[in-house]
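Visitor: show me how the following folds:
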Amino acid sequence: MAFVKIGLMPDAGVTYFLPRVVGLGRAMQMSMLGDAEEAHRIGLIGKVIPDESLEEEAAKLAEHLAALPTAALGRMKASLHANFGADLETALEREAEGQTFCGYTQDHKEGVAAFFEKREAKFAGK
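Guide: Numbering: from 1, shown residues only. Model (predicted):
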């Protein structure tokens with residue numbers, strides 16, 4: 001919420017969504033003060049990173065995600081987005097479909113094998 005620090009106001013739907021997520025008072029505070037620490041404290045953002053470390057931290061995160069089972073990540077992301085507005089029954093059905101799909105992947109087999117062999121899994125995105 002650094003818009004105010006450069007003479008701008010929030011855009012891209014922030015003035016619509018932020019008050020609905022954190023309440024009007026906190027939205028005002030965060031927007032007017034550009035308060036990243038408050039956004040982190042209340043769980044709106046996961047981490048505050050200094051500008052000079054941003055590229056390095058982003059690269060580390062990308063490497064970490066790329067080493068995970070990407071098919072499962074894709075299903076997870078799609079389900080979280082779709083289920084955000086769904087009823088519980090639909091969400092559970094979507095989870096069951098995704099879990100079944102993931103259960104047939106090579107990454108799942110590798111994950112189970114790594115677990116039993118007490119080693120780090122080496123996922124291949126298959």
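
Visitor: how many neighbouring residues does Thr70 have?
Guide: 16 (other CB atoms under 10 Å). For the C-beta atoms, the positions are set from N, CA and C on the backbone; glycine is no exception.

Visitor: tell me the secondary structure for Gly43?
Guide: Classification of Gly43 using DSSP: H, G, I helix; E, B strand; the rest coil returns coil.

Visitor: quick check: the gap between it and Lys126.
Guide: 34 Å (CB to CB, to the nearest Å).

Visitor: helix or strand with the lowest mean pLDDT in this structure?
Guide: helix 36-41 (a mean of 83; mean pLDDT, DSSP states H and E).

Visitor: so how far is that helix off the chain centroid?
Guide: In terms of CA atoms, centre = their mean, to the nearest Å, the centre of helix 36-41 is found 16 Å from the chain centre.

Visitor: which outside residues touch that helix?
Guide: Residues from elsewhere that reach helix 36-41, judged by CB atoms under 8 Å, 6 or more residues apart in numbering: Met1, Ala2, Arg26, Gln29, Met30, Ile45, Gly46, Lys47, Val48.

Visitor: and the second one, what does it touch?
Guide: For Ala2, the contacting residues are Gly34, Ala36, by CB under 8 Å, 6+ apart.

Visitor: 7 Å instead?
Guide: Taking CB atoms under 7 Å, 6 or more residues apart in numbering as the contact definition, Ala2 lies against Gly34.

Visitor: what's the pLDDT at it?
Guide: We have a pLDDT of 72 for Ala2.

Visitor: how near is it to Leu54?
Guide: 13 Å.

Visitor: and what of Glu120?
Guide: Applying CB to CB to Glu120 and Leu54 gives a distance of 27 Å.

Visitor: below-threshold pLDDT in the protein: ranges please.
Guide: Within the chain, the stretches with pLDDT under 70 are 1.

Visitor: that one: strands as residue ranges?
Guide: Read by DSSP state E, the chain holds no strands at all.
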